[in-house]
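>>> Dropping the sequence and predicted coords here.
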Amino acid sequence: MGEKAKKVTISSRRRFLTDFAYATGLGIMGGLLWAGYAEKAKSSPLTLRPPAALDEPDFLKTCIKCGLCAEACFNRPSNIDRDTGEPRPGTIKMARAQDDVTIGTPFFIPRDVPCYMCDDIPCVVACPTGALDLTKVTNPKTGELDYTMMDMGLAVVDQNSCIAFWGLQCDACYRACPLMDKALRLEYDKNERTGKHAFLKPVVDMHACTGCGLCEKACVTEKPAIRVLPREIALGKPGAHYVKGWDKKDQQRVKERVGKDVTTHDKRSAKNPMDYLNKGVEY
Ligand code: SF4
Ligand code: SF4
């Protein structure tokens, strides 16, 4: 082998090793980046999904990230700015890397653009997989779409920052609510501090509120004093062993448990308690 050929071989080997190290380095870096990216790709628990979305785990399995809901929302005929004649931003956004939401999935931020609760609910109709489930917004008696059945979240009032709770007159959220006096009502209360004024406090009905966020958008405080949260976050959970004696659903639940064996079966429970309770005790 000549000197020239030797040099070529050495430099090719060197290049191969350099390329290999470079590629491996990139691979590791890519892996680390991807791991970070995948971690970031998890949705914040505060994420609000479009109307009639399945529960989050099922939603993530079913949504194919096609964006048809967002497109239908953007293209709805009512989404035109009256002054410019141009379409306004749609309610539904598709998550990008910088959003705190699983990438490519639809969500909305009420303070930016709330849901306008369209009668024909085009976003749900457009969904090809059922990730937005039509049956959730279809009245079972009439078979017709019913926007009052939407359930995107629940509005929660922060009584410390809501100026109506200070005694100032404000009903911005109340007036914005499409289900006024059902989802959001004003409760009158005497202002003991002044003795002559009344409080007009906004109160949300958890059953009627759809979580559209029109109230949050309308709220006049710097940070909204009324805010939509996912129901799992906004609501507590008492536990299955608490029963409301006056609630028919709870009564049914208790009836269904009667007849079921609710005893714990383990090694110790197979024995007679008398055999082990006083074990080791000497008289
Ligand atoms: S119902 Fe709400 S999210 Fe759906 S298209 Fe209308 S404004 Fe958009
Ligand atoms: S989110 Fe606000 S505006 Fe929408 S239904 Fe509930 S209380 Fe009314």
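Yep, that arrived. Numbers count the residues shown, from 1 in each chain. Ligands and ions are numbered 1, 2, ... in the order given.

>>> so what's residue 199 up against?
Counting by C-beta atoms under 8 Å, 6 or more residues apart in numbering, residue 199 makes contact with 164-165, 167, 187-191. The C-beta positions use only the backbone N, C-alpha and C, and glycine is treated the same way.

>>> ranges for the strands of the protein?
With DSSP state E as the criterion, the chain has strands at 93-94, 106-107, 154-157, 184-191, 197-204, 226-229.

>>> what does the stretch 151-283 of the chain have sitting close to ligand 2?
Proximity of the stretch 151-283 of the chain to ligand 2 is assessed by C-beta under 6 Å from any ligand atom, with 155, 176-177, 179, 183-184, 204, 209-215, 228 identified as the residues in range.

>>> thinking again about what came up before, let's have the contacts of residue 199 in a markdown table, adding pLDDT and neighbour count.
Compiled in a markdown table, those are given as follows (pLDDT from 0 to 100; neighbours: other C-beta atoms under 10 Å):
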| residue | pLDDT | neighbour count |
| --- | --- | --- |
| 164 | 95 | 22 |
| 165 | 94 | 18 |
| 167 | 90 | 16 |
| 187 | 94 | 10 |
| 188 | 90 | 8 |
| 189 | 86 | 12 |
| 190 | 83 | 11 |
| 191 | 81 | 12 |
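
>>> now, among those residues, which is nearest to residue 135?
Distance to residue 135, by C-beta to C-beta, is smallest for residue 187 among those, at 34.6 Å.

>>> what separates that closest one from ligand 1, distance-wise?
Taking C-beta to the nearest ligand atom, to the nearest Å as the measure, residue 187 and ligand 1 are separated by 28 Å.

>>> just residue 79 next, same as before
Relative to ligand 1, and taking C-beta to the nearest ligand atom, residue 79 is found at 8 Å.

>>> same question, residue 156
Counting by C-beta to the nearest ligand atom, the gap between residue 156 and ligand 1 amounts to 20 Å.

>>> partner residues bridging that residue?
residue 227 (DSSP bridges).
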